[in-house]
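> Need a 3D model of the sequence below.
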Amino acid sequence: MDTLYTFGPSVLGLVVALTIALYCWNRLRIASVILVGWITISLAVGQIPFFQGFPDWQEADFWGFNIFGTLAFAPAGILLIASLRVRRVKVALDRIPTSAFVATQAYRFGGAFLIVAYLRGELPAEIGLVSGILDVIVASTAILLALYLRGNESRSPRLVMAWAILALADFAWASMMLTLSFLGVLELTPAPVMMGNPPLLIISLFALPFGIFISIYLMLRIRKELRGKVSA
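Numbers count the residues shown, from 1 in each chain. Next up, the predicted model:
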């Protein structure tokens, strides 16, 4: 179990990134290159502890928290800007079926590692248990929804929208708990410092920003589709 917990998040991230990169190879080759580079950097940086103390925050964690936040959220922003502003990227993404985007979130079965961290006493229940269970729910429904959409990608757009909101709310909850804990507004025991340390750090460097991008992109796509139906 210790070996699985130590290496599991990194192995899962690598498998997911390579699988998506292979899928994108003939559709948007630059995306494949970026994904491989992204996961490689994430795996390397993910071995460096951002927070020095356990089980509590330390004064020296200020800079680590800011760097952690930047690396966790900036990639999602960059991807969203590219999907909206770069024509080649926009056209390529438009050709990818909604079911494929939804299916990518099956990797969130990795939330099981958060549950394990909670059971090991390394994460508070508010993140380890709540976010871990939500991740597993999002992953399970992602598979079911992707299968449901196959053959008729435009069916039940509001269901897709609801799922995307749930997937995004999961990340928002974990991020809010971590931030409130760091600011001292919320006392969590232990403090969620392990989210910024190996082996869980890879989740924040790759899975979180990629998942945020997928959720927001799908919400924008569905909103556009619904507006098109109203106009027609």
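> And the residue nearest the centre of this structure?
Leu208 (2.6 Å; C-alpha atoms, centre = their mean).
> Pull the contacting residues for that residue.
Contacts for Leu208 (C-beta atoms under 8 Å, 6 or more residues apart in numbering) come out as Ala72, Phe73, Ala76, Phe171, Ala174, Ser175. Every residue, glycine included, has its C-beta placed from N, CA and C.
> okay, those in a markdown table with neighbour count and distance to Arg221 next?
Formatted as a markdown table, these follow (neighbours: other C-beta atoms under 10 Å; distance: C-beta to C-beta, whole Å):
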| residue | neighbour count | distance to Arg221 |
| --- | --- | --- |
| Ala72 | 24 | 23 |
| Phe73 | 16 | 21 |
| Ala76 | 20 | 16 |
| Phe171 | 24 | 18 |
| Ala174 | 26 | 24 |
| Ser175 | 19 | 23 |
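> Which ones among those residues map onto strands?
Among those, no residue falls in strands (DSSP state E).
> which of those lies closest to Leu188?
In terms of C-beta to C-beta, no member of the contacts of Leu208 lies closer to Leu188 than Ala174, at 11.6 Å.
> For the closest one, give its distance to Ala167.
12 Å (C-beta to C-beta, to the nearest Å).
> same question, Pro157
According to C-beta to C-beta, Pro157 stands 15 Å off from Ala167.
> Compare the two and say which one has the larger neighbour count.
Counted by other C-beta atoms under 10 Å, Pro157 and Ala167 do not tie: Ala167 has more neighbours, with 27 against 19.
> for this protein, what spans make up the strands?
Going by DSSP E, the chain shows no strands.
> Now do the helices in it.
Secondary structure of the chain, counting by DSSP state H: helices at 2-24, 29-45, 61-85, 87-94, 98-103, 111-119, 130-149, 157-182, 201-202, 208-231.
> Distance from the shortest one to the middle of the chain?
For helix 201-202, the distance from its own C-alpha centre to the chain's C-alpha centre is 11 Å (C-alpha atoms, centre = their mean, to the nearest Å).
> tell me the mean pLDDT for it?
For helix 201-202, the mean pLDDT works out to 96.
> Equivalent analysis for the fifth one, please.
Taken as a whole, helix 98-103 has an average pLDDT of 97.
> Would you indicate which residues of that helix are buried?
Within helix 98-103, the residues scored as buried using 16 or more other C-beta atoms under 10 Å are Thr98, Ser99, Ala100, Phe101, Val102, Ala103.
> swap in stretch 25-33?
Neighbour-count burial for stretch 25-33, counted by 16+ other C-beta under 10 Å, picks out Leu28, Ala31, Ser32.
> any idea how far Arg88 is from the first one?
This points to Leu28. Going from Leu28 to Arg88 by C-beta to C-beta gives 8 Å.
> same check, this time on the last one
Ser32 sits 14 Å away from Arg88, going by C-beta to C-beta.
> Then Ala164?
Taken as C-beta to C-beta, the span from Ala164 to Arg88 is 24 Å.
> isn't Glu153 right next to Asp94, touching?
No. Checked against C-beta atoms under 8 Å, the pair Glu153 and Asp94 is beyond contact range at 11.7 Å.
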